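# Provide a 3D model corresponding to the input given below.
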Amino acid sequence: MLTTDGVPGTPIWLDLGAPDTAAAAAFYRAVFGWTFRSAGPEAGGYGFFQHDGRTVGALGPLTERGAGSAWTTYFTTTDADAAAQAVRQAGGTVRVPPADVFTAGRMAAFTDPTGAGFAVWQPGDIKGLEAVMEPDTLCWTELYTTDAAAAKAFYRAVFSWDYEDMEMGGDLVYSVVSAPGGGRGGDSGQGGIMQLPRENLAAGSTSEWHPYFGVTDCDATFARATGNGATALIPPTDAPGVGRLAMLQDPAGAPFALIKGDPATT
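Next up, the predicted model:
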């Protein structure tokens, strides 16, 4: 379960890099009802997605050469510099070295050994997202990877994650991620890692993290998204014991997913 408690190794922030921030803000407003609030003239176009007055994500222009539109998950750290060193030692790449973001906090961005991008946030004045696990907010993070074994070893070395492997049929295994101290009670899962199937690899799929947003009606939200220019990747589908889910790319190509939890498990 995601929380806003800032437990090290758990998701704390989420932002979208987009080639057209005005178009992106309009799309997510149409889909989730989010509003966009600029972080100010000194922030270079960066600002905050808000829902009912609380920050649920952020949006900014693409800043890295050759980057495509994507959501970036930030994991909590108490020391961004130490996290960068751990990433290097575990075989990852430091794309953006640790740096202060005014007085908001300290961040760094990385690529894991399988090619997936992610980041860390060391809180300052901004502690993290203000709402999760509610309708139209972040409720899960997921890594599709070209090498699940290598990815799991890497993130365990960097964040001390634990995994619970779940058979999905055939040779597919879904690994539920939890960080030490990251849950309440017995529900410590915060995300998942899944090996890309052979057919996806053959088609050129690459490793990437994507967010899941909780919704009250998966089909209706999916229809709003596709009606506003999103591309369907996985249409609304029932996952027994999990809920009803769908996956899309927004109009600029950033992947994200929707989920309505199974009442029997929530």
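
# can you map out the strands along the stretch 151-266 of the chain?
With strands called from DSSP state E, counting those that start in this stretch, the stretch 151-266 of the chain shows them at 162-167, 173-178, 191-195, 208-214, 231-239, 243-249, 255-261.

# by how many degrees do the fourth one and strand 231-239 diverge?
Our comparison of strand 208-214 with strand 231-239, counting by axes from the mean of the first three to the mean of the last three Cα atoms, to 10 degrees, yields an angle of 60 degrees.

# Just give me how far strand 208-214 sits from the chain centre.
5 Å (Cα atoms, centre = their mean, to the nearest Å).

# And it, what does it pack against?
strand 70-76, strand 117-123, strand 138-145, strand 255-261 (3 or more Cβ pairs under 8 Å, 6 or more residues apart in numbering; DSSP states H and E). Placement of C-beta: from N, CA and C, glycine included.

# With mean neighbour count, distance to Asp15 and mean pLDDT added, can I get those in a markdown table?
Compiled in a markdown table, these are given as follows (neighbours: other Cβ atoms under 10 Å; distance: least, Cβ to Cβ, whole Å; pLDDT from 0 to 100):
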| stretch | mean neighbour count | distance to Asp15 | mean pLDDT |
| --- | --- | --- | --- |
| strand 70-76 | 22 | 6 | 98 |
| strand 117-123 | 23 | 8 | 98 |
| strand 138-145 | 24 | 11 | 98 |
| strand 255-261 | 21 | 12 | 96 |
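
# list the buried ones in the helix or strand bottoming out on mean pLDDT in the chain?
Ranked by mean pLDDT, DSSP states H and E, the weakest helix or strand in the chain is helix 198-202, scoring a mean of 86. If you call a residue buried by 16 or more other Cβ atoms under 10 Å, then helix 198-202 has no buried ones at all.

# Kindly report the same for stretch 28-48.
28, 31-32, 34, 36, 39, 46-48.

# follow-up on the earlier one: TSV for the helices and strands packed on strand 208-214, including distance to Gly191?
As requested, the helices and strands packed on strand 208-214 are exported to TSV (distance: least, Cβ to Cβ, whole Å):
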stretch	distance to Gly191
strand 70-76	8
strand 117-123	11
strand 138-145	4
strand 255-261	11
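
# between those strands, which gets nearest to Met247?
Among those, the nearest to Met247 by Cβ to Cβ is strand 255-261 (4.4 Å).

# Tell me which strands that closest one pairs with, and in which orientation.
strand 208-214 (parallel), strand 243-249 (antiparallel) (DSSP bridges).

# Contacts for the first one, please.
Contacts made with strand 208-214 from outside it, assessed by Cβ atoms under 8 Å, 6 or more residues apart in numbering, are listed as 14, 32, 70-73, 116-118, 133-144, 245, 247, 255-261.

# orientation of it relative to strand 191-195 in degrees?
Angle of strand 208-214 versus strand 191-195, following the same axes, to 10 degrees, is 140 degrees.

# Format the CA atom coordinates belonging to strand 208-214 as PDB.
Provided in PDB are the C-alpha atoms of strand 208-214 (Å, rounded to 0.1, in the frame of the first residue of the first chain):
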ATOM      1  CA  GLU A 208      10.000   1.200 -18.300                       C
ATOM      2  CA  TRP A 209       8.300   2.200 -15.000                       C
ATOM      3  CA  HIS A 210       4.700   3.400 -15.300                       C
ATOM      4  CA  PRO A 211       2.100   4.500 -12.700                       C
ATOM      5  CA  TYR A 212      -1.300   3.100 -12.000                       C
ATOM      6  CA  PHE A 213      -4.100   5.600 -11.100                       C
ATOM      7  CA  GLY A 214      -7.000   4.400  -9.000                       C
END
